[in-house]
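Trainee: A structural model of the following input is requested.
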Amino acid sequence: MRRVAAAVSFLTRVPVPGAGEFQSVDVGRATLFFPLVGAAIGTAAVAVLKLFSIHVGGGRLQFGAPWLPAPLVALLIVAFSAWLTGAIHLDGLADTADGLGGGRTREDRLRIMRDPTVVQRPRVGARTLSCSLSK
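Mentor: Numbering: from 1, shown residues only. Prediction:
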């Protein structure tokens, strides 16, 4: 159970009551449960989509196309996922954009991805993601 708690604590902002602090070895052992936590995060994102797809018709609730514009619903889903995960995946996207856009050698790219002071290309990656959500 501690491994599941470590996976939830590492991959999300969800508080895990009574779990205490986790060491890196705990998180390493918890990787087996990362797909399970990822599936829960994805399920929560689908729940947000369904929330914006509820229609009242014939005296009962029905699911259909979202009643908000699709780009707005997509933005809300991404924002919810970023909030739920502490933006860990957006940070990964930013680091990837930073590393691929800078450095000539593999070592340079890895060094840039690990350097927290290099911030220009991550912003471009995040903007690219946000622009891809709009039509």
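
Trainee: Arg111 contacts Gly103, doesn't it?
Mentor: Yes. Contact criterion Cβ atoms under 8 Å: Arg111 and Gly103 qualify, at 7.0 Å. Placement of C-beta: from N, CA and C, glycine included.

Trainee: Please work out which residues outside the host helix or strand of Gly28 touch it.
Mentor: Here Gly28 sits within helix 24-30, counting by DSSP states H and E. Defining contact as Cβ atoms under 8 Å, 6 or more residues apart in numbering, one finds that helix 24-30 is touched by Arg2, Arg3, Val4, Ala5, Ala6, Ala7, Phe10, Phe22.

Trainee: Could you pull up the contacting residues of the second one?
Mentor: Contacts for Arg3 (Cβ under 8 Å, 6+ apart) come out as Asp26, Arg29, Ala30, Leu32, Phe33.

Trainee: how about the strands in this protein?
Mentor: Using DSSP state E, the strands assigned to the chain run over residues 54-57, 60-63.

Trainee: Could you dump those strands into JSON lines and include mean neighbour count and distance to Ala40?
Mentor: Converted to JSON lines, the strands of the chain look like this (neighbours: other Cβ atoms under 10 Å; distance: least, Cβ to Cβ, whole Å):
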{"stretch": "strand 54-57", "mean neighbour count": "10", "distance to Ala40": "21"}
{"stretch": "strand 60-63", "mean neighbour count": "9", "distance to Ala40": "21"}
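
Trainee: want to try a markdown table for these, with distance to Gly38 as columns?
Mentor: Formatted as a markdown table, these follow (distance: least, Cβ to Cβ, whole Å):
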| stretch | distance to Gly38 |
| --- | --- |
| strand 54-57 | 25 |
| strand 60-63 | 24 |
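
Trainee: Any chance of CSV for those, columns mean pLDDT?
Mentor: What follows is the strands of the chain, written out as CSV (pLDDT from 0 to 100):
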stretch, mean pLDDT
strand 54-57, 71
strand 60-63, 71
